[in-house]
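Colleague: Predicted structure and sequence below. I'll ask about it afterward.
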Amino acid sequence: MKYSLAVLLLKMADQTGTPFDREYAERFFTKAGQGTRNLVDFYLDVSHGQADLGDSEVFGWLDLPHTSDELAAYHQQVIDDETNRLNDENNALPDEQKLSPEEIKKKAGETAHTRRRGKIKEWAREAAAAVEPEPVDLTRFVNFVAVFSAPLDYFGSTDGVVVNHNPPNEELNSVDLTGVAHEVGHGLGFTHSHREQTSDDYGDLWDIMSAYKVRYNHAGSSNEDFNRPYHTYGPGLNVVNMQIQGWLDMSRVYQFPATGSSQVTLRPLHRRDLPGYLAARVGGTWIEFRMDELWDSAIGRPVVLLHRRDINESGKPCSTILITHEGGGIVDVGGAPDRPRPDLRDGEVFKIGNELDIDSDLLRIAVVINAEAREATIHVTHRPARQLEPALPFGGVTSDGGGLIWTPGRGWVRVPPRSPLYAVLEQIAEIEQLQTLTAAPAQHATISAMTTQRLALVRDDVNRIIANRLAPSIPASPLSAKREEG
C-alpha cells in the first residue's frame, strides 16, 4: 500500500540558514534514497513490504512569515485565557467541587500545549498553500511532515507530523532516522508501545514506538553492520504493532494449539527473506524472535519477546511487552543487577501457573536460540484452566438426591447429586494429566504420590459401584412400606 508523505522543509522568519540541502531530504524521505537504509527502506522492512513511502515528495525550503517569539506569545496567551476561564467556572462551583490552583494550572497548560501544536500545523498548511506557482495539494498525500530548520517542536499525529533539526545534537530530536521513523509512525496511526507492570509510555526497548528510550544505533555504536548516513536507526517494529496496522502476514504466524505441548522454529521477525515462520501466537500472547542485526543491531543479543494487544488510556489499541524475568537481586552474568526484564535469552523459560495445580491456567514457554542459523526454537505447553459447565438443577437433586427413581431389579432408590461414575472419570482424567507433566527431579516423588492416591480412589469407587450393582436384595417400595405401617 502507498503511504506517500508531503515533506515540507520550513524556515521561520527568525531562523537563518538551512542545515542541509533538499537532496538530503529527498534521500531521507523518498525512493531517491531507497537502498541507502532510509525511511522508505525502514517501513518496507518492518511492514513486510506492506507500507511503501517511496512516492513521498519534498517541498522547500519554504519561508514562514512567523517567528518563535510569536509562537511563544500565542502559547502564553492561551494559558492566560484558559486560566481565567477555569477560574470563572471554579468560582461558580460549590466548595467541594472546586479545583485547586495546581489543577487549574495543569489543565490550562495542557490546553495551551495542544493548541500550540495545532498552531504549528496550521502554519505548515499555510506554507504549503502559499507555494508558487502552484500550491501543494496536501490531499494527495496520506499525511505531511513539517521539517523545521531549527528547534521548535517534535511530535506526530494523524493530521500532521512535526520534526526539526537540532544543531546541538543531530542524533536526538533531530532529522535522524530513529526519531523521524517514530514520529512518522504516529502519523500513520501508531500509539506508544508499553511495558507490563507500568502505564508509562516508551516501555518497549525493542520497538520504534518507544523512541528514544529504545536500543538504537547512533554515533559511537559498536554494533553497526551497515552505513549510517541518517545519524541514527532502529530498532524495528514489534509483532503486535504490525498486527494492529494490518501489516503482519498471518500465513507466516504459527498458531499453537489451545491445549497441549508443541514447538516451532522461528526466524527473525523482520527477515521475511528467510523461509519459515516469523512469529507465533498462543492464546493472547504473541511470540517474536529478534536478532542483533540490521535495524535491530543495537539490541545487544538475540532474544525472544512476548507481547499482547491492549487498549491505552485514550481507547486506542497498543502493544504491551511482557515481563519474562522478574529478577532477584542476583548479579547478572555481565555484572549488572538482575532486574526484571522482558527478553527471553537462549535456554531461558517463561512460565505462568503451576504444573501441579490442574485447575489453573498453565503457560510455559522455553527458548533455544541458534544465532548462527538465525533460528529460535520455541517449545510451548499450554493448559487452560478447567472450566466446570454450569447446570440448571431440577427439584431437589442438588442435595443428597432429593428424588426417587425406579430401577429394574432394584426398585426405588434415591437419586444422587450425580452418578458416581463421574468421580471415577475425573480421577482417571487427573491421572492422565499427571503423566504428561514435565517436572524437575525433585517433584517426581510428589507427582508419583498424587498418581497413586488417585488410583486408590478409582479402585475404591469402582469397588463400591460393583458391590451396589451386585446387591441381591430388592428394596421395598416406599408406598408399600406406608401401607404396612397402616
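Modeller: Structure's in. What do you need? Residues are numbered from 1 along each chain as shown.

Colleague: For residue 371, which non-adjacent residue is closest in space?
Modeller: Counting by C-beta to C-beta, 6 or more residues apart in numbering, residue 302 is the residue found nearest to residue 371 once chain neighbours are left out, at 4.8 Å. All C-beta atoms are positioned from the backbone trio N, CA, C, and that covers glycine.

Colleague: Test my guess that that neighbour contacts residue 271.
Modeller: No. With contact defined as C-beta atoms under 8 Å, residue 302 and residue 271 do not form a contacting pair (11.8 Å).

Colleague: Which neighbours do those two have in common?
Modeller: Between them, residue 302 and residue 271 share the neighbouring residues residue 291, with contact defined by C-beta atoms under 8 Å, 6 or more residues apart in numbering.

Colleague: Neighbour count: the two, which is higher?
Modeller: residue 302 (22 against 17; other C-beta atoms under 10 Å).

Colleague: how about residue 292, what does it touch?
Modeller: Remark: with contacts taken as C-beta under 8 Å, 6+ apart, residue 292 is in contact with 223, 298-302.

Colleague: Stretch 49-68: end-to-end distance?
Modeller: Between the opening and closing residues of stretch 49-68 there is a gap of 40 Å (C-alpha to C-alpha, to the nearest Å).

Colleague: Correction: the previous question concerned stretch 258-277.
Modeller: The straight-line separation of the ends of stretch 258-277 (C-alpha to C-alpha) is 19 Å.

Colleague: Show residues contacting it.
Modeller: In contact with stretch 258-277 (C-beta under 8 Å, 6+ apart) are residues 45-46, 48-49, 236-239, 249, 252-254, 256, 278-280, 283, 287-291, 293-296, 304, 374-384, 436.

Colleague: before we move on, back to that, inside helices: which ones of the contacts of residue 292?
Modeller: In helices, defined here by DSSP state H, there are no members of these.

Colleague: and the contacts of stretch 258-277, which are buried?
Modeller: 45-46, 48, 236-239, 252-254, 256, 278-280, 287-291, 293-296, 304, 374-376, 378, 380-383 (16 or more other C-beta atoms under 10 Å).

Colleague: which ones among the residues you listed are found in strands?
Modeller: Counting by DSSP state E, the part of these found in strands is 253-254, 279-280, 287-290, 304, 375-376, 378, 380-383.

Colleague: farthest-separated two in the residues you listed?
Modeller: Put simply, by C-beta to C-beta the two of those set farthest apart are 290 and 383, 27.7 Å from each other.

Colleague: on that earlier part again, looking at the contacts of residue 292, which has the most residues close by?
Modeller: Highest neighbour count within these, by other C-beta under 10 Å: residue 299, with 24 neighbours.

Colleague: Do I have it right that it meets residue 288?
Modeller: No. No contact is recorded between residue 299 and residue 288 when judged using C-beta under 8 Å, the distance being 12.0 Å.

Colleague: residue ranges of the helices in the stretch 151-300 of the chain, please?
Modeller: With helices called from DSSP state H, counting those that start in this stretch, the stretch 151-300 of the chain shows them at 177-187, 239-245.

Colleague: how about those in CSV, adding mean pLDDT?
Modeller: Formatted as CSV, the helices of the stretch 151-300 of the chain follow (pLDDT from 0 to 100):
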stretch, mean pLDDT
helix 177-187, 95
helix 239-245, 95
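
Colleague: Please report the distance of residue 365 from residue 107.
Modeller: Residue 365 sits at a distance of 45 Å from residue 107 (criterion: C-beta to C-beta, to the nearest Å).

Colleague: Check residue 88 too.
Modeller: Distance from residue 88 to residue 107, counting by C-beta to C-beta: 13 Å.

Colleague: Check residue 310 too.
Modeller: The spacing between residue 310 and residue 107, counted by C-beta to C-beta, is 27 Å.

Colleague: picking that back up, so which of residue 365 and residue 107 has more stuff around it?
Modeller: Remark: of residue 365 and residue 107, residue 365 carries more neighbours, 24 against 15, as counted by other C-beta under 10 Å.

Colleague: and the more buried one, what helix or strand is that in?
Modeller: When secondary structure is defined using DSSP states H and E, the element that contains residue 365 is strand 362-370.

Colleague: How far off centre is that strand?
Modeller: The gap between the average C-alpha position of strand 362-370 and the chain average comes to 19 Å, counting by C-alpha atoms, centre = their mean, to the nearest Å.

Colleague: mind saving the C-alpha coords of it as CSV?
Modeller: Output in CSV follows, covering the C-alpha atoms of strand 362-370 (Å, rounded to 0.1, in the frame of the first residue of the first chain):
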residue,chain,number,x,y,z
LEU,A,362,-0.6,-23.0,32.7
LEU,A,363,1.6,-21.4,30.1
ARG,A,364,5.2,-22.5,29.8
ILE,A,365,7.5,-21.1,27.0
ALA,A,366,11.0,-22.5,26.7
VAL,A,367,13.5,-20.9,24.3
VAL,A,368,16.5,-22.3,22.4
ILE,A,369,18.3,-19.8,20.1
ASN,A,370,20.7,-20.8,17.3
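
Colleague: quick one: average confidence on the longest helix along the chain?
Modeller: In the chain, taking DSSP H as the definition, the longest helix is helix 101-129. If you average the pLDDT over helix 101-129, you get 96.

Colleague: packing partners for that helix?
Modeller: Contacting helix 101-129 under the criterion 3 or more C-beta pairs under 8 Å, 6 or more residues apart in numbering; DSSP states H and E are the following elements: strand 5-12, strand 57-64, helix 68-91, strand 143-148, strand 155-157, strand 160-164.

Colleague: The same query, at a cut-off of 6 Å, please.
Modeller: Using 3 or more C-beta pairs under 6 Å, 6 or more residues apart in numbering; DSSP states H and E as the contact test, the elements touching helix 101-129 are strand 5-12, strand 57-64, helix 68-91.

Colleague: Out of those, flag the one nearest residue 355.
Modeller: The closest approach between residue 355 and any of those, judged by C-beta to C-beta, belongs to strand 5-12 at 51.7 Å.

Colleague: hmm, who's touching the closest one?
Modeller: Contacts made with strand 5-12 from outside it, assessed by C-beta atoms under 6 Å, 6 or more residues apart in numbering, are listed as 25, 29, 56, 58-64, 66-67, 124, 127-128, 136, 138, 141, 143-149.

Colleague: Walk me through the domains of this protein.
Modeller: In the domain annotation for the chain, the residue ranges read 5-189, 208-383, 404-485 (automatic domain parsing).

Colleague: and the longest one, how far apart are its ends?
Modeller: This means domain 5-189. Criterion C-alpha to C-alpha; first-to-last residue distance in domain 5-189 is 14 Å.

Colleague: how close does residue 129 sit to residue 59?
Modeller: The span separating residue 129 from residue 59 equals 11 Å under the rule C-beta to C-beta.

Colleague: before we move on, back to that, adding distance to residue 79 and pLDDT, write the contacts of residue 292 out as TSV.
Modeller: Listed next are the contacts of residue 292 as TSV, based on distance: C-beta to C-beta, whole Å; pLDDT from 0 to 100:
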residue	distance to residue 79	pLDDT
223	44	54
298	40	87
299	41	87
300	43	87
301	47	92
302	49	95
